[in-house]
Structure formats: structure tokens, C-alpha cells
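[1] Whatever this is, show me its structure:
(4 chains)
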Protein chains: 2
Amino acid sequence: MPTLDHTSALRGAGLRVTAPRLATMDVVAEHPHGDAEVIAQAVRERLGTVSRQAVYDVLNALSDAELLRRVSVGGRSMQYELHRHDNHHHLVCRRCGRLEDIACAIGEAPCLTPHDDHGFEIELAEVVYRGVCSDCRASSADSAEPLGAPPALAALAPTAPSAPDSP
Amino acid sequence: MPTLDHTSALRGAGLRVTAPRLATMDVVAEHPHGDAEVIAQAVRERLGTVSRQAVYDVLNALSDAELLRRVSVGGRSMQYELHRHDNHHHLVCRRCGRLEDIACAIGEAPCLTPHDDHGFEIELAEVVYRGVCSDCRASSADSAEPLGAPPALAALAPTAPSAPDSP
DNA sequence: CCATCTATCTGGACTTATTCAAGATAATCG
DNA sequence: CGATTATCTTGAATAAGTCCAGATAGATGG
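    From the prediction side, this is the model:
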């Protein structure tokens, strides 16, 4: 029951401890990478009625306090995960939109030294790996659209190098 | 006058050559990384009245034909650039939202071999470098919000490691 | 050059994601 | 306990993008 952890985390961040906030942190801890809508649904299942505005407000407050981290991999909506201050990267399935955490590839900051930084002071590099997850590959042998895939993510994939459908 | 190039590019892609399309390609060529709204404005400056739907339709058609590439770096809207099939990456200023192209850092695919691919078949890695551009650094010495910065982009920056203001 | 066919545009309503505004509620401090 | 003030509620607004039905205009064939 990690609710007590969340209580102290909120207190430590100087935020008030309220039921919607605790429920939100629980939900994000249990279902990482949900968007505001999904989180709102899950929070309502625990607390009854929670307004959309309250959910957004909580998500923004917790993100500002760096208790949550906003993730945006190209879809219309943002997704949330517990902030672990480890600057990990993300793996996105272009079929089902599944999003997984992934450790940085080479050492600590593989991509922090581009050829030409254009005068920018670079602070961090975010890497998004795009591909097809094992589930989708397994079920893609015959069917083209097996899951309720967010169409936006498919539209984002710039160039698919290999043929997605087998002969 | 690159309009003729665009004409042949459209013809080569099997698309009809229309004024909105030519204007859109001109606009994107001259102002890379504009969003649909900006592009629509610029197109209207050239052609008079062009509907929102026409702009989206053109952008989608040209993106599908791989004459344009959609870029999404975390803001609400998508941005467009000419498709050069080079899989370059992007540099985003968290102050003003400026977006610049950047060549891949190390060799060809520095980040394509993560520690654990979670069973994914990884097709490509997109890298977004976040930082502060030279203009914003120059003007940030005293003022905190110097430019009309898109607030969404600032909200995206997960963790600012070093102090943004100089000593 | 004209007819025709179909890809493209127009205008308006609609969806989704997120935010704004004003007032009610309740968490924390003294 | 009472005051303060952050936080929630309701309801409407904004922004980005899409859908639909119908009008228009490229690209051929004759």
C-alpha cells in the first residue's frame, strides 16, 4: 500500500495531501503512461466523482513539483509516469501505442554531443525508439489492425524501413 | 523561385498540382517547422482565402506522399518540414520553442541499440535535444520571459539540470 | 477543344485535449 | 478552533484536428 509514501512525497514537496492527489499518484504508480482521461477514469473508480478539471489540476501540480513526469511521444495527449529523476527514454509501439521505459543506450548521455549544437545550450536529450512490440508482431502475421491502436501514432512514424506485412 | 521544383515534385508523386499545394510547399520550404495554423496564414497571404480544411488536406496529402515530414516535439500541434529522407533529429529551445534540424550525433544510429529492447523490433530512434537557444540565452540575462514563448513547450521540459540564469 | 471523371476545395459542425473563470470546500498553520 | 488560502466543482471556452456533403477544377479521352 504505497499511499503512505505518496502522502509523505506530497508533504515533502510542500503540497497539500488530498484524496484526488493520493488517488492520482496511486493510479500513475500502478498504471504508468496513462493519459489524463485514463487517469481520470481510474481515479473516479476509487473516489466516486472527480471533475476533469481536478484531474488536470492535480496532474499539473504534481508535474510542476516533479512528483510526476509528463511524457509526450507524439500522440495528441500527454502521458504521465512517476518522476524518478533518471532521464530514461521511451519505447513506443507504432501499432498499439504501447509505451515502455528504457534505460539510456550508451553510458549516461549518448546523444548529448551532436555535431553542431547551433548555439544551443543543450540540457538533455530525449530519445524515442519507435518500432513494433512483441505482442503486435505476434498478432500481425495475418491481421493488419489487430488492436484498438491510436491512429495518431501510426501517422507519426516517418519511414517504415521494412515491410510491415509479411508475404 | 522553387515553385517549379515543387510542381515537378507533386507531379512525380502522382499528385495534382494546385495553387494551395504549391503555396504550401513554398511556405514550408521558406519557413520550416511551422504548424498548420502558421502555414495556413502564410498560404492565405499568397492566395487570398484558403480554408482550414484545405490546408490540413494538403498537409496530410503531402505528408502521406513523403514530400513533407511531420515533426512533433511535444507541443500540441504538429510542425512540418520538407522531407529529405535523412532521419535527422531536432533541437528545441524550451524558451521560445525554436526548432532546428540537427544531424545524428554519433555515426548513423547511435541509439538504436538500447540495453534491453523489451521484445520490440526497433525501427528508428528519434532524438530531441532540449535546451536554450543562443537568442534566448542572450536575452535571458535579466528578463525571465522575454519572448512570446509557447507555454506548452516550457511545461514539457522535465528536468533542468543546470541553473538557467548565469551567476 | 470539350466532356467527363475523380481528386480537391469550401463551409460548417463535431471531437478531443486542455485550460479559464468564479465560487464552494477543506487542508494546514497559528 | 478559526482564518487563510490552496484546492476542488461546475460550466463554458479555446485549440488542434477531423468528418461530412456538396461545389469546383485538374487530368485525360475523344
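
[2] got the domain boundaries for chain A?
    Residue ranges for the domains of chain A, per automatic domain parsing: A:3-81, A:86-158.

[3] could I get these as a markdown table with mean pLDDT and distance to residue B:74?
    No exception for glycine: its C-beta is placed from N, CA and C like everyone else's. Listed next are the domains of chain A as a markdown table, based on pLDDT from 0 to 100; distance: least, Cβ to Cβ, whole Å:
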| stretch | mean pLDDT | distance to residue B:74 |
| --- | --- | --- |
| domain A:3-81 | 92 | 4 |
| domain A:86-158 | 70 | 8 |
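
[4] Between these, which one is closest to residue B:118.
    Ranking these by proximity to residue B:118 (Cβ to Cβ) places domain A:86-158 first, at 5.0 Å.

[5] Can you tell me the SS state at residue A:90?
    Using DSSP: H, G, I helix; E, B strand; the rest coil, the structure places residue A:90 in strand.

[6] Let me know how buried it is, in neighbour terms.
    The burial count assigned to residue A:90 is 19, neighbours taken as other Cβ atoms under 10 Å in any protein chain shown.

[7] next one: residue A:132
    For residue A:132, using other Cβ under 10 Å, the count is 24.

[8] ok, now which ones touch the spatially most central residue of chain A?
    The centroid of chain A falls nearest to residue A:33 when counting by Cα atoms, centre = their mean (3.5 Å). By Cβ atoms under 8 Å, 6 or more residues apart in numbering or on different chains, the residues touching residue A:33 are A:71, A:79, A:80, A:81, A:99.

[9] Return the backbone torsion pair for the last one.
    Yep, that's residue A:99 we're talking about. As for residue A:99, its main-chain torsions (degrees, to the nearest 10) stand at phi -130, psi 130.

[10] swap in the first one?
    Geometry field for residue A:71 lists phi and psi as phi -120, psi 130, criterion degrees, to the nearest 10.

[11] how about the nearest residue to it, chain neighbours excluded?
    Here the nearest residue to residue A:71 in space, its sequence neighbours aside, is residue A:79; by Cβ to Cβ, 6 or more residues apart in numbering or on different chains that works out to 4.6 Å.

[12] Tell me where chain A has strands.
    Ranges of strands within chain A are A:34-35, A:68-71, A:79-82, A:89-93, A:99-102, A:121-132, based on DSSP state E.

[13] So is the fourth one next to chain B?
    In this case it means strand A:89-93. Yes: judged by Cβ under 8 Å from any Cβ of the partner chain, strand A:89-93 comes into contact with chain B at A:89, A:91, A:93.

[14] what do you get for the last one?
    Yes: applying Cβ under 8 Å from any Cβ, one finds strand A:121-132 touching chain B at A:121, A:122, A:123, A:124, A:125, A:126, A:127, A:128, A:129, A:130, A:131, A:132.

[15] So what sits opposite the first one in the bridge?
    Beta-bridge partners recorded for residue A:121 (DSSP bridges): residue B:132.

[16] Contact partners for it?
    Counted by Cβ under 8 Å, 6+ apart, residue A:121 has contacts B:131, B:132, B:137.

[17] The second one and residue A:83, how far apart?
    In this structure, residue B:132 and residue A:83 are separated by 21 Å, where distance is defined by Cβ to Cβ, to the nearest Å.

[18] Next: residue A:23.
    To residue A:83, residue A:23 is 18 Å away according to Cβ to Cβ.

[19] quick one: contacts of stretch A:53-68?
    A:9-10, A:13-15, A:20-21, A:24-25, A:28, A:36, A:39-40, A:43, A:69-70, A:80-83, A:85, B:155, B:159.

[20] 6 Å instead, please
    By Cβ atoms under 6 Å, 6 or more residues apart in numbering or on different chains, the residues outside stretch A:53-68 that reach it are A:9, A:13, A:15, A:20, A:21, A:24, A:36, A:40, A:70, A:80, A:83.

[21] Please give me every residue in contact with the fourth one.
    The one in question is residue A:20. Neighbour list for residue A:20: A:50, A:54, A:58 [criterion: Cβ under 6 Å, 6+ apart].

[22] Please see if stretch A:80-97 touches DNA strand C.
    No: for stretch A:80-97 and DNA strand C, the contact criterion (Cβ under 7 Å from any atom of the strand) is not met; the two come no nearer than 9.4 Å.
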